[in-house]
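A.B. asks: coordinates only, no sequence provided:
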C-alpha cells in the first residue's frame, strides 16, 4: 500500500516503540506511588515534559498531558468559561470539530459565539476578526495549520489583536506540530495543544500548553498533573510522545525539504495533466506534504474507493468528519460550492514517499478521474 493519509494518522516510529516498551512490561509502576518502580515511571513522565517544553520554548510546568488533540481542544476552549458566568468567544470558520463542537456546547449554555471568516486561500481575515471582538470576548481560537488544506494561519497576529482587548488565544497545533517550528513565546498564545499520533507517536496521548498558569481543572478525581487533570498517567504513551516529538524536531528540516519536493512535483503534474482540477488552500503558506485538490464533475468519495483498490490510501477530507454525509465545512468556508467541495481529494505524504510512488499515484488519479467523468 502507498499511504498518503498522514494527516489522519501516522505509522509509529520503531524507536518510539522501543522506548515505550519498558514502561509497558518492566517499569510499569504508577507514577503516584512512593516506591522505586513508581519513581522510574514518574521520572520518565517528567523527562518527556521537559523535552516538549524545550521544543516549544515553554516552562515544563506549563505542559499538561492529555489523551490527544480532542481533549486538548475541549480543555482549552472550555477552561476559561469554567470560571465565568458568561461572555463571548470567537473561533475561525475552519476549526477542527473538537473546537467547533466545544464552542457550540458553550453557546447552548448562553455564551456568545462568533465565527471569523477566511479568504479563498483559507487564511483568517484579521480585519474581520477585529470587528468581531467585543468587551465580553474572553477567548479566540484559531488553529495554527488547517488539517484539511494545510494552510498556516497568522496566529501571532491574532495574538496581537487579542491582547488589545484582553482576550486569551488558543491554537490547535495538531496539524502543525512536527511540520513547522513552534515557539509559544514568539506566537504569544495562551493555549496550544498537540496529538502524538500525528508525529509518528502512539495514539491516545497528547499535551496542552497553558501559558504561565495552572489551567482550570477539566477532569476531576486524583491529584495528577499538578491537580489539574485527574487520572493515572499513560506513562508509556507519554514517553512515546516525548521521543516522537524529539525525533520530529531533530529531523524537521530534512523531512520538510523532501516532502516539499515531492508535493510540489505532484501538484504541478496534477494541475497540468488533470483537466478542471484546482488546489485548495494557499500554494505557499501550507505545511509541507499537504495537498487538497478538487476535481470538477467527480465525487471525491468514489475516487477514494477507486484509489484504495489500486493500493493507495487517501481521503476525501478530515477523518474526524468522514461519514457525516456533508461536504467539508473547510472547503465551503473558502468559497467552494457543495458540488466542488464534494469533489475533493486530500493527499498528505511523509518524507518516505518516492518519485516512483508519486508518479503511480498521479497516473491512477488521472485514470480514475477520467473514468468517473465518463460515468456521469
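C.D. replies: Nice, thanks for sending it over. Just so it is clear, the structure is predicted and the values come from calculations on it, not from any experiment.

A.B. asks: any weak-confidence spans in the stretch 251-376 of the chain?
C.D. replies: Scanning the stretch 251-376 of the chain for pLDDT under 70 picks out the ranges 317-325.

A.B. asks: for it, just list every one of the helices.
C.D. replies: Along the stretch 251-376 of the chain, counting by DSSP state H, counting those that start in this stretch, helices occupy 252-273, 300-309, 329-333, 338-341, 355-374.

A.B. asks: how about the closest residue to residue 282 other than its chain neighbours, secondary structure?
C.D. replies: Using Cβ to Cβ, 6 or more residues apart in numbering and skipping residues adjacent in sequence, the residue nearest residue 282 is residue 121, 4.0 Å away. The way it works is simple: take the backbone N, C-alpha and C, and place the C-beta from them, glycine included. Using DSSP: H, G, I helix; E, B strand; the rest coil, the structure places residue 121 in coil.

A.B. asks: contact partners for residue 121?
C.D. replies: Contact analysis of residue 121 by Cβ atoms under 8 Å, 6 or more residues apart in numbering lists 151, 281-282, 285, 334.

A.B. asks: for residue 343, same thing?
C.D. replies: Contacts of residue 343 by Cβ under 8 Å, 6+ apart are 294-300.

A.B. asks: from residue 281, how far off is it?
C.D. replies: From residue 343 across to residue 281, the span is 15 Å (Cβ to Cβ, to the nearest Å).

A.B. asks: residue 226 and residue 217: what is the separation?
C.D. replies: 10 Å.

A.B. asks: those two - which one has more neighbours?
C.D. replies: Shown here are residue 226 and residue 217; by other Cβ atoms under 10 Å, residue 217 has more neighbours (16 against 11).

A.B. asks: setting the sequence-adjacent residues aside, check what's closest to that one.
C.D. replies: Per Cβ to Cβ, 6+ apart, closest to residue 217 is residue 228, 5.4 Å.

A.B. asks: tell me, how many residues neighbour the one you found?
C.D. replies: Residue 228, neighbours per other Cβ under 10 Å, totals 18.

A.B. asks: what's the end-to-end length of stretch 313-332?
C.D. replies: Terminal residues of stretch 313-332 are spaced 24 Å apart (Cα to Cα, to the nearest Å).

A.B. asks: please disregard the earlier target; I meant stretch 231-239.
C.D. replies: 17 Å.

A.B. asks: distance between it and the chain's centre?
C.D. replies: Put simply, stretch 231-239 sits 21 Å off its chain's centre (Cα atoms, centre = their mean, to the nearest Å).

A.B. asks: list the buried ones in that stretch?
C.D. replies: For stretch 231-239, burial by neighbour count (16 or more other Cβ atoms under 10 Å) applies to 233-239.

A.B. asks: would you map out the domains in the chain?
C.D. replies: The chain resolves into domains spanning 2-9+252-374, 14-250 when parsed by automatic domain parsing.

A.B. asks: deepest in the core, which of these is it.
C.D. replies: domain 14-250 (a mean of 20; mean count of other Cβ atoms under 10 Å).

A.B. asks: what are the ranges of the strands in this structure?
C.D. replies: Under the criterion DSSP state E, strands of the chain are mapped to 2-3, 63-66, 88-92, 112-116, 137-141, 168-172, 191-195, 206-210, 277-279, 290-295, 312-313, 344-348.

A.B. asks: what's opposite residue 292 in the beta bridge?
C.D. replies: residue 346 (DSSP bridges).

A.B. asks: the contacts of residue 121: which two are farthest apart?
C.D. replies: Across the contacts of residue 121, the longest distance by Cβ to Cβ is 13.1 Å; it joins 285 and 334.

A.B. asks: okay, the contacts of residue 121 in TSV with distance to residue 347 next?
C.D. replies: Shown next, in TSV, are the contacts of residue 121 (distance: Cβ to Cβ, whole Å):
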residue	distance to residue 347
151	15
281	12
282	16
285	18
334	18
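
A.B. asks: check contacts around the residue lying closest to residue 39 once chain neighbours are set aside.
C.D. replies: Of all residues not flanking residue 39 in the chain, residue 29 sits nearest, at 7.6 Å (Cβ to Cβ, 6+ apart). Residue 29 makes contacts with 35-41, as judged by Cβ under 8 Å, 6+ apart.
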